[in-house]
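Q: with the sequence up front, the predicted model follows.
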Amino acid sequence: MPEIDNYQSELIQLRAGLGSGVVTIESNGRRKTYRSVGEIEQAIKYFERLGGNRRRRRSRFRLASIGSE
């Protein structure tokens, strides 16, 4: 199994807290208390922008035939 980077770890904890109503999140040995659900949602968006939710994309292309048929 690949190692989870810090941003993914933060996102996992934030989403779990959001789903359960917990406002104090502990991740990577650090503890943070959020004041509202909106603040947790902002933190999730922040870590997603940093790259914690990146998906690998494959380029799709077709080779064009060159020459006369």
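A: Everything's here; your move.
Q: mind checking which helix or strand the closest residue to Ala43 other than its chain neighbours is in?
A: Closest residue to Ala43 apart from its sequence neighbours, by Cβ to Cβ, 6 or more residues apart in numbering: Leu14 at 5.6 Å. Placement of C-beta: from N, CA and C, glycine included. Leu14 is part of helix 6-20, with elements assigned from DSSP states H and E.
Q: the helix or strand bottoming out on mean pLDDT in the chain pairs with which strands?
A: Within the chain, no helix or strand scores below strand 24-27, which has a mean of 84 by mean pLDDT, DSSP states H and E. Applying DSSP bridges, strand 24-27 is found paired with strand 30-33 (antiparallel).
Q: right, and the helix or strand after the strand it pairs with?
A: Counting by DSSP H and E, what follows strand 30-33 is helix 37-47.
Q: now that next one: average pLDDT?
A: For helix 37-47, the mean pLDDT works out to 92.
Q: and it with helix 6-20, angle?
A: Put simply, helix 37-47 runs at 160 degrees to helix 6-20, going by axes from the mean of the first three to the mean of the last three Cα atoms, to 10 degrees.
Q: in helix 37-47, what's buried?
A: By neighbour count on 16 or more other Cβ atoms under 10 Å, the buried set for helix 37-47 is 40, 43-44, 47.
Q: likewise stretch 12-19?
A: 13-14, 17-18.
Q: not counting sequence-adjacent ones, nearest residue to Val37?
A: Leaving aside its chain neighbours, Val37 sits nearest to Leu18 (6.7 Å; criterion: Cβ to Cβ, 6+ apart).
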